Structures are given as structure tokens and as C-alpha cells.
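Participant: how would this look folded up:
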Amino acid sequence: MDKMTKPILFKKGAEASLYVADWHGKKVVMKKRLPKKYRLQQLDEQIRRYRTVHEPQLMHEAKKAGVSTPTIFLVDINDAMIVMEFIDGKQVKQLLSEISSLKRRKLCFELGELVGKLHRHGIVHGDLTTSNMIQNPEGKLFFVDFGLGEKTKELEARGVDLHLMRRALQSVHFRFAEECFSSVMEGYSAVLDTDTVKNVLDKIKEIEKRGRYIVARRSEQD
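Facilitator: Residues are numbered from 1 along each chain as shown. Alright, predicted model coming up:
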């Protein structure tokens, strides 16, 4: 592309590779969805095109809901590529281990509010991990990577979203995972009505029971 420095790979994911480059004087992230050889070529192209178009749309909807996301500069459907703003800052994954308990609770409360705003607006992120949340030097939180997101108000999808977040906290931040998730749900409760929050919490418990049942069944079969 015109006026873009040679992109440097900085993350290779299952769905896409992320590159950093300078484009028209701006530091940008180039997200490129690579072909999957295990899929039929025509189907693979359809999936990559759809996700390339759908992700920026969700990010725009998230902004309207009051959740900050990177600015989109270019969408290239043919190359299944998105060029977007590089968010300078720290992943929440890093921050949670560095800050005090009080700041951690405050940060998680704010995260819960943002998730609540997404869900209230009918947006499910699809990969709510602390790696996909970045705080810039001014303290502003950004949500990134909406590649697995969707527009839905289904209770199951909301429950799965928050279940994934809880699992991510337990996996990486196990020493204070429950404290963090409790603060997340407090923030979530500040945005959504009591009945909705109760239903979502019940759904999370149901999803967790399902997971334990599957694990138990596998153990019996071994």
C-alpha cells in the first residue's frame, strides 16, 4: 500500500496475524486473515470476507455504545485485511498484576461497566480476555479484537462472554480472580437492570456446570 513501511509481525493468532507498520505518518496495526487450508477454498474466502467486514462494523457499534475501540483506517475485503489505529498502552493482563488491590477492583469495575454497555447495545465480544483490553497512558480503556464477536441479545451468548472472562481471570490471575470477577459483575450491574444481571449470572453457573459435567464424563470413560 502507498506510504506504508514494511509491516512487522508482532502476533500470530489462530484466526489472523497482526502486523505493526507506519502508514501516512501514523503507527497502525494491520490485521490480515490468512487462508485456512483445511477449509474449502470458496467457503474459506466467504468466511474471511465476512469477518473482515463484520469486525469493523462491530467496533463502530461498540463506539456508539460508549466503549472505546481502535479507529479503523482501511478495510480491504479482497485481501481480508483491516488497517487500524495502534493503541499505545498496557494490556489489562499486565496491569492487574502490577497495581494495588484497590486499583484492581476499580479497574475491574470499569471493565464490567464497559461489558455491560456492549451487552445492553446487543454486542457480544466473543473473546473477553484481559489480553484484549488495553489501557492507554491517560487511563482510557480500549477493547480490541472483535473478530469473534456478534450482534445478539441472547442470554446464552452474554453468559458465554462473561464465562470466558471469568475463565481468563482464573487462568492468568488466579490469586485474585474471584475478587476481580466480583468487581466486574458490580460494574456490569451498574449498567444493566437487576433481572438481566440475575439471568446472566444464572446462565454463567449453568455453563460452568455443563463444563464440569463434560469433564466428569470424560474421566469416567478414561
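
Participant: pLDDT below threshold where in the protein?
Facilitator: Flagging of the chain using pLDDT under 70 yields the residue ranges 1-2, 211-222.

Participant: Can you give me the domain assignment for the chain?
Facilitator: With automatic domain parsing as the criterion, the domains of the chain are listed as 8-85, 90-221.

Participant: Export the ones you listed to a markdown table and append columns for mean neighbour count.
Facilitator: Just so you know, the C-beta spots here come from the backbone N, C-alpha and C atoms, and that holds for glycine as well. Compiled in a markdown table, the domains of the chain are given as follows (neighbours: other CB atoms under 10 Å):
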| stretch | mean neighbour count |
| --- | --- |
| domain 8-85 | 16 |
| domain 90-221 | 17 |
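
Participant: Mind telling me what element the nearest residue to I47 once chain neighbours are set aside is part of?
Facilitator: Excluding the flanking residues, the one nearest I47 by CB to CB, 6 or more residues apart in numbering is R39, at 7.1 Å. Assignment of secondary structure by DSSP states H and E places R39 within no helix or strand.

Participant: where's R39 relative to T129, distance?
Facilitator: Separation of R39 from T129 (CB to CB, to the nearest Å) stands at 25 Å.

Participant: Repeat that for V67.
Facilitator: If you measure V67 against T129 using CB to CB, the figure is 16 Å.

Participant: would E208 count as being in a helix?
Facilitator: Yes - in this structure, E208 lies within a helix as judged by DSSP: H, G, I helix; E, B strand; the rest coil.

Participant: which residue packs closest to it, ignoring adjacent ones?
Facilitator: Excluding the flanking residues, the one nearest E208 by CB to CB, 6+ apart is H163, at 6.7 Å.

Participant: hang on, isn't that neighbour packed against D202?
Facilitator: No - between H163 and D202 there is no contact, the gap being 11.9 Å when judged by CB atoms under 8 Å.

Participant: And the residue nearest to E208, how far from V184?
Facilitator: Using CB to CB, one gets 12 Å for the distance from H163 to V184.

Participant: Next, the nearest residue to D127 once chain neighbours are set aside: phi, psi?
Facilitator: Setting aside the residues directly before and after it, D127 is nearest to L148 in space (CB to CB, 6+ apart), at 4.9 Å. Main-chain torsions, L148, degrees, to the nearest 10: phi -110, psi 10.

Participant: Please apply the same query to the one 5 residues further on.
Facilitator: The phi and psi values for K153, taken as degrees, to the nearest 10, are phi -120, psi 20.

Participant: ok, now which ones touch the closest residue to it other than its chain neighbours?
Facilitator: For K153, ignoring the flanking residues on the chain, the nearest one in space by CB to CB, 6+ apart is G122 at 4.8 Å. If a contact means CB atoms under 8 Å, 6 or more residues apart in numbering, then G122 has E61, K151, T152, K153 as its contacts.
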